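Student: What follows is a predicted protein model with its sequence.
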Amino acid sequence: MAKFGERFLLGFTSPRNPRLISQYVKVVKKHKLDGMNYDSNLQERFYDVLSKEKVAGFDAGAAKNKAFAGRDKLTRMPQVLGFFITQHNKNFKVTEAGNLLSNDALFEDVLLHQMLKYQLPSPLHKEQETNKGYFKIKPFLELLRLIDKMGYLTYNEFLAYGMTFTNYNNFDKVVNDINHYRQRRNNAKIAKTSLRKFDYNNRVNIFKTLYRDIIAAGNFKTRESQTKNVDEFVKKKLSNLSDYADSIFRILQASGLVVYSKGRSLQINDKRKDEVEYILNNVSRDILPIDTTREDFDKYITNPRLPLLLNDSKVNILNSLVKLGDTKSNDKEDIYVLKTKLNELRDKQKVNVVNNQIISLKLRKKSDIQDIIDTFEQISKKEIEPASMRPTYFEWNVWRAMTMINHGDVTGNFLVDDMGNPISTAGGGQSDIVGNYGNFKIGVEVTLSTGMKQYDMEGEPVVRHIGELQKQGPAFGIFIADKLNDSVINHFYITSLAISNVYNGTVDIIPMNTSTFVDFFKKAVNKDVQPSDLYQIHEHSLKTSQQNFMNKLTEQDWHKSVIENMFNIVS
């Protein structure tokens, strides 16, 4: 049983994306880890098979302490939300809730039940002496209530007031604090004060008040380090706050009940308001007693039928199915079969929303063009919060731009919510965006990583994705980075020269930074760009790389020529 000492909501930094838990469950099942003795050997084994299945990301298998890395992935979000039970030298268990995640279509429904049971404190997480009495809350239940009451929460409000909302009895005070903050921020805006500085100073003041007794005592030691003064202490706390807030934000978003409008504010999903209303009126705000036994708490936290929600009634699900066009389902079917059908119909609605976005984008309205340009600027200026959402919005915005400028069938591999807002980047093993132009395809890869990390993270995967794409037929790649690293240019120059047996020839990838792509976009939307125009970029790249090699010119010469030719085509 862990103890926590923070005075703000406890989040889970692993995994960053809650949808990865479904992949964890599948890996555990595939490699028959369920039921094995839970010890360092199992932790290490889990890390190894997770790496083998490439679930853990580009650096899979690189951990120095594999047991620690495996334990971190098993015991954070998956255990806290009741998907796994991990107790030392007892059988590791995938719970009933965890087993349901084998069906991807049940993810939202199961996650919603599990997150609404999360409470602080609990038999799994008890307060230390330094924060004793601060907590009495089901965080996700109360955050839903707060968003519903306020109409919306900006991310700054979520950080400053949502994350420090630790006792549900203080709900009215938190509401008043947010209203007062909005008045003060509006006054600062009128006075043309830096709003970024205003928000940061606001959070600092909140934390100085929150930890005033510790600050007064001069006890600046944190769990991670010995901070030397008040400013360092508060800065460290704010850093921890940001990490925890990111995970809680992602879970709220993944539930489907909350949408994040253009990187600006959290709002209740209009299409799911009846579910939220039911939750707020029927789910108890009280937490289980802290002295509940671990066995009884596990039975509670792992039960996917608790709490009872609107869609736990077959009548309600059937009504929802009828509204979505399904008139054949009946109450003789298992409830999880009905829930699967409901989610599948919701996914079809999302596809329709995206298709409508495509139709609108191809109209090339000035407002849409400007919104795309403005969004790139927001991303580059780091104005979209949380920071973890910037790559998602970058990918989505490039997809919008590519959709608008040409005649291809451009598919983004990101996930969207019911409103069509992006919620997660593309999964591994495929290009972020793929454009099908009939006789050829373009794979588009995007990144916000910089420096050598950009080369380490993107070099090999990008070539593999484009290489696999061209094994299906003629294809080339476009790589867009906010700041382009010279090593990446060199890498893609070499792959445009080297004939690969694995990928049936050279792999041509055109690298550019955001600024270059935006300039290209501005010109391209004012011209009727044909697929043949785009293929000329590829042909020029291959021709130039060969000529440069023969003439002993460099990758920079190749890159400059390719970009100049690209602009000539759309000018």
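Tutor: Done, it's in.
Student: As a check, name the ranges of all strands in the stretch 101-250 of the chain.
Tutor: For the stretch 101-250 of the chain, strands defined by DSSP state E, counting those that start in this stretch occupy the ranges 125-127, 153-154.
Student: And those strands: which comes nearest residue 323?
Tutor: strand 153-154 (28.3 Å; C-beta to C-beta). For every residue, glycine as well, the C-beta is placed using N, CA and C.
Student: Helix, strand, or coil at residue 512?
Tutor: strand (DSSP: H, G, I helix; E, B strand; the rest coil).
Student: which intervals of the stretch 301-450 of the chain have sub-threshold pLDDT?
Tutor: 426-430 (pLDDT under 70).
Student: 90 - rerun?
Tutor: Applying pLDDT under 90 to the stretch 301-450 of the chain flags residues 383-388, 406-408, 413-415, 424-432, 449-450.
Student: before we move on, back to that, quickly compare the strands of the stretch 101-250 of the chain and say which is most buried.
Tutor: Greatest average neighbour count among these goes to strand 153-154 (a mean of 20), per mean count of other C-beta atoms under 10 Å.
Student: got the contact list for that strand?
Tutor: 146-147, 161-162, 178, 264-266 (C-beta atoms under 8 Å, 6 or more residues apart in numbering).
Student: now with 7 Å?
Tutor: Identification of contacts with strand 153-154 by C-beta atoms under 7 Å, 6 or more residues apart in numbering yields 146-147, 162, 264-266.
Student: Could you pull up phi and psi at the nearest residue to residue 112 once chain neighbours are set aside?
Tutor: Closest residue to residue 112 apart from its sequence neighbours, by C-beta to C-beta, 6 or more residues apart in numbering: residue 255 at 5.0 Å. Main-chain torsions, residue 255, degrees, to the nearest 10: phi -70, psi -20.
Student: Over to residue 568?
Tutor: Torsion angles, degrees, to the nearest 10, at residue 568: phi -60, psi -40.
Student: the longest helix in this structure is where?
Tutor: Assignment by DSSP state H gives helix 335-361 as the longest helix of the chain.
Student: helices or strands up against the helix or strand just after it?
Tutor: The element immediately downstream of helix 335-361 (helix or strand, assigned by DSSP states H and E) is helix 366-380. Applying 3 or more C-beta pairs under 7 Å, 6 or more residues apart in numbering; DSSP states H and E, one finds that helix 366-380 contacts helix 390-405, helix 514-524.
Student: immediately after the shortest one, which helix or strand?
Tutor: By that I understand helix 514-524. By DSSP H and E, the next helix or strand past helix 514-524 is helix 531-550.
Student: Now do the buried residues in that following helix.
Tutor: Residues of helix 531-550 classed as buried by neighbour count (16 or more other C-beta atoms under 10 Å): 531, 533-535, 537-538, 540-542, 544-545, 548.
Student: How far off centre is that helix?
Tutor: 36 Å (C-alpha atoms, centre = their mean, to the nearest Å).
Student: same deal with stretch 399-419?
Tutor: Worked out by C-alpha atoms, centre = their mean, stretch 399-419 lies 18 Å from the chain centre.
Student: just stretch 287-305 next, same as before
Tutor: That offset, for stretch 287-305, works out to 29 Å (C-alpha atoms, centre = their mean).
Student: and if you look at stretch 545-553?
Tutor: Counting by C-alpha atoms, centre = their mean, stretch 545-553 comes out at 42 Å from the chain centroid.
Student: that's a strand at residue 476, yeah?
Tutor: Yes: secondary structure assignment places residue 476 in a strand (three-state DSSP).
Student: could you dump the strands of the stretch 101-250 of the chain to TSV with mean pLDDT and distance to residue 365?
Tutor: Formatted as TSV, the strands of the stretch 101-250 of the chain follow (pLDDT from 0 to 100; distance: least, C-beta to C-beta, whole Å):
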stretch	mean pLDDT	distance to residue 365
strand 125-127	94	50
strand 153-154	96	27
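Student: quick one, which of those is nearest to residue 351?
Tutor: strand 153-154 (28.5 Å).
Student: of the buried residues of helix 531-550, closest to residue 249?
Tutor: Using C-beta to C-beta, the buried residues of helix 531-550 come closest to residue 249 at residue 534, 37.2 Å.
Student: Which residue ranges make up each domain of the protein?
Tutor: 2-301, 313-351, 362-570 (automatic domain parsing).
Student: could those domains go into a markdown table alongside distance to residue 307?
Tutor: Converted to a markdown table, the domains of the chain look like this (distance: least, C-beta to C-beta, whole Å):
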| stretch | distance to residue 307 |
| --- | --- |
| domain 2-301 | 5 |
| domain 313-351 | 13 |
| domain 362-570 | 23 |
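Student: before we move on, back to that, want to throw the helices and strands packed on helix 366-380 into a markdown table with mean neighbour count and distance to residue 104?
Tutor: Below are the helices and strands packed on helix 366-380 laid out as a markdown table (neighbours: other C-beta atoms under 10 Å; distance: least, C-beta to C-beta, whole Å):
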| stretch | mean neighbour count | distance to residue 104 |
| --- | --- | --- |
| helix 390-405 | 24 | 19 |
| helix 514-524 | 19 | 33 |
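Student: Residue 494: how many residues sit nearby?
Tutor: Counted by other C-beta atoms under 10 Å, the residues lying close to residue 494 total 15.
Student: cool, the one 4 residues further on as well?
Tutor: The criterion is other C-beta under 10 Å. On that basis, residue 498 has 13 neighbouring residues.
Student: which residues sit in contact with it?
Tutor: residue 506.
Student: mind checking pLDDT for it?
Tutor: With respect to pLDDT, residue 498 scores 89.
Student: can you tell me how far it sits from residue 151?
Tutor: Counting by C-beta to C-beta, to the nearest Å, the gap from residue 498 to residue 151 is 56 Å.
Student: now swap in residue 269 and tell me
Tutor: Relative to residue 151, and taking C-beta to C-beta, residue 269 is found at 13 Å.
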